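**Student:** need coordinates for the following:
(chains A and B)
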2 protein chains.
Amino acid sequence: MENKKVGLIGCGPSGMAIIAAFNEAKKNGIAIPKIVCFEKQDQVGGLWNLTWRTGFEENGEPVHGSMYQHLWSNSPKEAYELSDYTFDDHFKKPVPSYPPRTLLEEYIKERFNKCRNGQEILLNTVVRNVAQSGDQFAISYENLISKECQDDIFDYVIVATGHFSYPSLPYYPGIEKYCGRVLHSHDFRNAEEFKDQIVVIVGSGYSGEDIAIQLHKYGVKQCFVSHRSPPKQFKWPENIKEVPLIEKFEKDLIHFKDGSTTTADAVIFCTGYKHHFPFMEDKLRLKDATNIFYPNHLYKGILLEGNTNVIYLGMQNKGYTFTMFEAQAWFARDVILGQIKLPDDKVKLNEDIKKWYDMQFLVTCETDVVHFQRDYIANLIEHTGHGSQEDNTKIGEMFKEHMKNRDAGILTYRDKCFTSNYTGTVAAEPKISWIHCLDDSKEMFLNNV
Amino acid sequence: MENKKVGLIGCGPSGMAIIAAFNEAKKNGIAIPKIVCFEKQDQVGGLWNLTWRTGFEENGEPVHGSMYQHLWSNSPKEAYELSDYTFDDHFKKPVPSYPPRTLLEEYIKERFNKCRNGQEILLNTVVRNVAQSGDQFAISYENLISKECQDDIFDYVIVATGHFSYPSLPYYPGIEKYCGRVLHSHDFRNAEEFKDQIVVIVGSGYSGEDIAIQLHKYGVKQCFVSHRSPPKQFKWPENIKEVPLIEKFEKDLIHFKDGSTTTADAVIFCTGYKHHFPFMEDKLRLKDATNIFYPNHLYKGILLEGNTNVIYLGMQNKGYTFTMFEAQAWFARDVILGQIKLPDDKVKLNEDIKKWYDMQFLVTCETDVVHFQRDYIANLIEHTGHGSQEDNTKIGEMFKEHMKNRDAGILTYRDKCFTSNYTGTVAAEPKISWIHCLDDSKEMFLNNV
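**Tutor:** Take a look at the predicted model:
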């Protein structure tokens, strides 16, 4: 095993989870492969790193992250707490359930430091090409500082580059002559930019919803949320209004499908992202993947159909993230360590993919989503034995409660408290509620109880 | 020659010029190589195509263009008129000297149609990798629609992908917590977005200057142009003011080096671009290139030192564009056709590079720039015999007159008229002057005389 090599692309939450999982095996005396981890950013943390840049980094690479100033978690930390590094370990005292982004960035980085075990990460290193080479894989990569390019051979490739970096943005008639500001949520950096403005948000997923209430929190004049779904059950504040899809743009006017119109200072497209892996050779590339709950062509949601030595992590749409990455990482690890045997029979493998792929289409409401993800993680746990089914079930229940709270109060759900699965600690109630809390520093968060 | 293959990357003005140059040889009965042209956009025209998108195209590729709505040429059309397709050929009558972008896009596309001669262009096709393969080059490319990847072998590679696509944007202390809008001129799309706003522009190159007067034209409240150069001699309108460089950002405040401050709705960084060729193998990549008048490592400004079968077009900072591309394309063509012999002696070749590279540093004023470019083009013409030295000299004089006009009236220079080198036609005086002309349609332009 020591002479096997894993090329790990990306050191965000999924990449970190893989390194943590292998180190856990090593601690237990199990021989692990050599992992070479390529990270194009200048630090680990993936999407959780905030950048003020949009479009391109200073080195010419696409900006990876889609986070913005003043972003807070939109699900309770207890639903994605990691058993080997609890929030009590990190904060040393009970804190509210919904932390600002800054503290989650700190949490996963600190956890990674604890379990990194000397694992080297090639920072500022972008993978340019991955190609099959016999039974192995040739990875070409470039150091973005020295501009030097190198090649190396690997037995396994793990793609952990995420799928929230390449915006999906449909065309609308007339948009090319529209005279207001047009941006994708990928480039949204600060709600304060839109103070006193009229803003149209397109899309009602997590981004659309959260950017709408951020705009409200920071003084937008009027915000329209344009989407195709049935009306949300949220009690929106007075200056947020749901409207139908946009039909067309006309210089300074936006026409909706119901014939109504508005002028606007900006249109923010919260229309999601593309799974985009230009560095993967054609036949190793995950294809047709969209932001669904079970992408096609991936056995157990991670191993590439046709070449299971190519592993994609975290490619699903998801409710709770770190918890799922953990379960996926352990499964991937155990396959590589030979502790999990894959079906010899290709037909069986494909049947399993099809079963899960089809099952997701039975999901019709948010509760179904939680059950589907719970069952998916439960299935991984069955194979790895890592994590408890009971905790997994509890996380599902937690998530359902969270969604109930959100439906009941889109501006107040972040003030609710949950209980840790691992420490039994009940989260502290925030003194200043989220809607009034304009400070997202650690000092504030620790003292806001 | 017919069994030689040229891989041409990019079909903007430079790529088009290469195709036109080879077709001219073919028309004269000379055998030419097979040209395979890769163009990642869905049409030819390169930077001259306007897109409303910023950051990424719908297919996940970086947006190539940096143009904006209501952009007009900032130099007289007579300085970049092409001898084989004059503006009289195109417009059929005298028109003003400074056309809107829309009409220049039309002009170069129409000219390309005239000389394309059936040459196929692989549209929506991005080059992922270029690597040396013996004496030849392996190019891997992907069709962005079908997602299919292919490889092919070439004897020559011509890189004509431009260098105005990857923003250069320095870091300033505090910018990560700044609460106004931050953008690079690459993402500037419409001055109307900034109506009634306070805007700080950083940089005083062509982009900074032009965006400032665009903002003025479309109703900006106040515009600060922040730069390090000596004060411009322009008679700026009252709401444009030059200020020193930015020292730091402080939430909603911008501090300049002289201690003065301002709040602003937006900061537009007109800080230039990076030469960025991630698809070129290390040793084939043009390195250390910045926006100077003679990039290093390029013989005659185009052939790569160390491997002259790799050709880079249009990598210079330039005053007049099409005219220079034309001269470069003919030189490149004649080298490939064997009509121009390169020095056998590497030392001589490198000496020539060094001579021109060093000479650019004697340039101290805008007049020097014109003379340097005139002399560079004259040197290419000497070798190719294509184009007249007299016309080239006249273009230089035209450009100097243009710059004098610009210095005398930054808001009025686009109303001046020049005379065509090739037809003797004097440009028509515009009825409505540029500053008052908000319509950039063809109909308006043809009738505004």
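
**Student:** contacts, neighbours, all on C-alpha from now
**Tutor:** Noted.

**Student:** measure the nearest residue to A:Leu349 once chain neighbours are set aside to A:Thr384 for me?
**Tutor:** Leaving aside its sequence neighbours, A:Leu349 sits nearest to A:Pro343 (Cα to Cα, 6 or more residues apart in numbering or on different chains; 6.0 Å). Note on A:Pro343: its distance to A:Thr384, by Cα to Cα, to the nearest Å, is 15 Å.

**Student:** between these two, which is the more surrounded one?
**Tutor:** Applying other Cα atoms under 10 Å in any protein chain shown to A:Pro343 and A:Thr384 shows that A:Thr384 carries more neighbours, namely 20 against 11.

**Student:** residues contacting that one?
**Tutor:** Residues in contact with A:Thr384, defined by Cα atoms under 8 Å, 6 or more residues apart in numbering or on different chains, are A:Trp330, A:Phe331, A:Asp334, A:Ile340.

**Student:** and the first one, what element?
**Tutor:** With the criterion set as DSSP states H and E, the secondary-structure element containing A:Trp330 is helix A:322-336.

**Student:** give the next helix or strand downstream of that helix.
**Tutor:** On the C-terminal side of helix A:322-336, the nearest following helix or strand under DSSP H and E is helix A:346-359.

**Student:** that following helix packs against which elements?
**Tutor:** Applying 3 or more Cα pairs under 8 Å, 6 or more residues apart in numbering or on different chains; DSSP states H and E, one finds that helix A:346-359 makes contact with strand A:298-299.

**Student:** circling back: doesn't A:Asn350 make contact with the residue nearest to A:Leu349?
**Tutor:** No: with contact defined as Cα atoms under 8 Å, A:Pro343 does not reach A:Asn350; the gap is 9.7 Å.

**Student:** can you list the residues of chain A near chain B?
**Tutor:** Contacts of chain A with chain B, taken as Cα under 8 Å from any Cα of the partner chain, map to A:51-56, A:58, A:60, A:62, A:69, A:128, A:147-149, A:166-170, A:175-177, A:179-183, A:190, A:192-193, A:265, A:274, A:276, A:278, A:281-282.

**Student:** any of these buried? List them.
**Tutor:** A:51-56, A:58, A:60, A:62, A:69, A:128, A:149, A:166-169, A:175-177, A:179-183, A:190, A:192-193, A:265, A:274, A:276, A:278, A:281-282 (16 or more other Cα atoms under 10 Å in any protein chain shown).

**Student:** tell me which of the contacts of A:Thr384 is nearest to chain B?
**Tutor:** Here the nearest of these to chain B, counting by Cα to the nearest Cα, is A:Phe331; it sits at 29.9 Å.

**Student:** how close does the closest one get to B:Tyr218?
**Tutor:** A:Phe331 sits 58 Å away from B:Tyr218, taking Cα to Cα as the criterion.

**Student:** in strands, which of the residues of chain A next to chain B fall?
**Tutor:** Cross-referencing those against strands under DSSP state E gives A:Arg128, A:Cys149, A:Tyr166, A:Pro167, A:Arg181, A:Val182, A:Leu183, A:Lys274.

**Student:** how many residues are close by the nearest residue to the fifth one once chain neighbours are set aside?
**Tutor:** Which is A:Arg181. Closest residue to A:Arg181 apart from its sequence neighbours, by Cα to Cα, 6+ apart: A:Ala266 at 4.4 Å. By the criterion of other Cα under 10 Å, A:Ala266 has 19 neighbours.

**Student:** beta partners of A:Ala266?
**Tutor:** When assigned by DSSP bridges, A:Ala266 has beta-bridge partners A:Arg181, A:Val199.

**Student:** in this model A:Lys195 seems to touch it, though I could be wrong.
**Tutor:** No: with contacts counted by Cα under 8 Å, A:Ala266 stays clear of A:Lys195, the gap being 11.3 Å.

**Student:** which stretches of chain A form helices?
**Tutor:** A:13-27, A:87-91, A:101-115, A:206-217, A:322-336, A:346-359, A:366-384, A:389-408, A:442-447 (DSSP state H).

**Student:** dump those into CSV; add distance to A:Pro231 as well.
**Tutor:** Converted to CSV, these look like this (distance: least, Cα to Cα, whole Å):
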stretch, distance to A:Pro231
helix A:13-27, 33
helix A:87-91, 36
helix A:101-115, 29
helix A:206-217, 12
helix A:322-336, 30
helix A:346-359, 26
helix A:366-384, 15
helix A:389-408, 12
helix A:442-447, 34
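
**Student:** ok, which of the ones you listed comes nearest B:Val225?
**Tutor:** For these, the distance to B:Val225 is smallest for helix A:206-217, at 29.5 Å, taking Cα to Cα.

**Student:** follow-up on the earlier one: and which of the ones in strands among the residues of chain A next to chain B is nearest B:Gly7?
**Tutor:** Using Cα to Cα, A:Arg128 is the member of these that lies nearest B:Gly7, at 20.2 Å.

**Student:** hang on, the earlier thing: can you say which of the contacts of A:Thr384 are buried?
**Tutor:** A:Trp330, A:Phe331, A:Asp334.

**Student:** re earlier: export the contacts of A:Thr384 to JSON lines and tack on pLDDT and distance to A:Gln233?
**Tutor:** JSON lines is the format used below for these (pLDDT from 0 to 100; distance: Cα to Cα, whole Å):
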{"residue": "A:Trp330", "pLDDT": "98", "distance to A:Gln233": "38"}
{"residue": "A:Phe331", "pLDDT": "98", "distance to A:Gln233": "38"}
{"residue": "A:Asp334", "pLDDT": "98", "distance to A:Gln233": "43"}
{"residue": "A:Ile340", "pLDDT": "97", "distance to A:Gln233": "44"}
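
**Student:** ok, now which ones touch the one residue in chain A that gets nearest to chain B?
**Tutor:** Proximity of chain A to chain B (Cα to the nearest Cα) peaks at A:Gly55, 4.5 Å away. A:Gly55 sits next to A:Pro62, A:Val63, A:Asp187, B:Thr54, B:Gly55, B:Phe56 when contact means Cα under 8 Å, 6+ apart.

**Student:** tabulate these (a markdown table), appending distance to A:Ile201.
**Tutor:** Formatted as a markdown table, the contacts of A:Gly55 follow (distance: Cα to Cα, whole Å):
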| residue | distance to A:Ile201 |
| --- | --- |
| A:Pro62 | 24 |
| A:Val63 | 22 |
| A:Asp187 | 13 |
| B:Thr54 | 17 |
| B:Gly55 | 18 |
| B:Phe56 | 19 |
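
**Student:** which one of those residues sits closest to A:Phe418?
**Tutor:** Within the set of these, A:Asp187 lies nearest A:Phe418; the separation is 31.9 Å, counting by Cα to Cα.

**Student:** just the pLDDT for the residue lying closest to the closest one once chain neighbours are set aside.
**Tutor:** Nearest non-adjacent residue to A:Asp187, counting by Cα to Cα, 6+ apart: A:Thr54, 5.4 Å away. Looking at A:Thr54, its pLDDT stands at 97.

**Student:** could you list every residue that touches A:Thr54?
**Tutor:** Here A:Thr54 is in contact with A:Val63, A:His186, A:Asp187, B:Gly55, B:Leu183 (Cα under 8 Å, 6+ apart).

**Student:** which two of the ones in strands among the residues of chain A next to chain B have the greatest separation?
**Tutor:** Taking Cα to Cα, no two of those sit farther apart than A:Cys149 and A:Arg181, at 38.7 Å.

**Student:** so who does A:Val95 touch?
**Tutor:** By Cα under 8 Å, 6+ apart, A:Val95 lies in contact with A:Ala427, A:Ala428, A:Glu429, A:Pro430, A:Phe445, A:Leu446, A:Val449.
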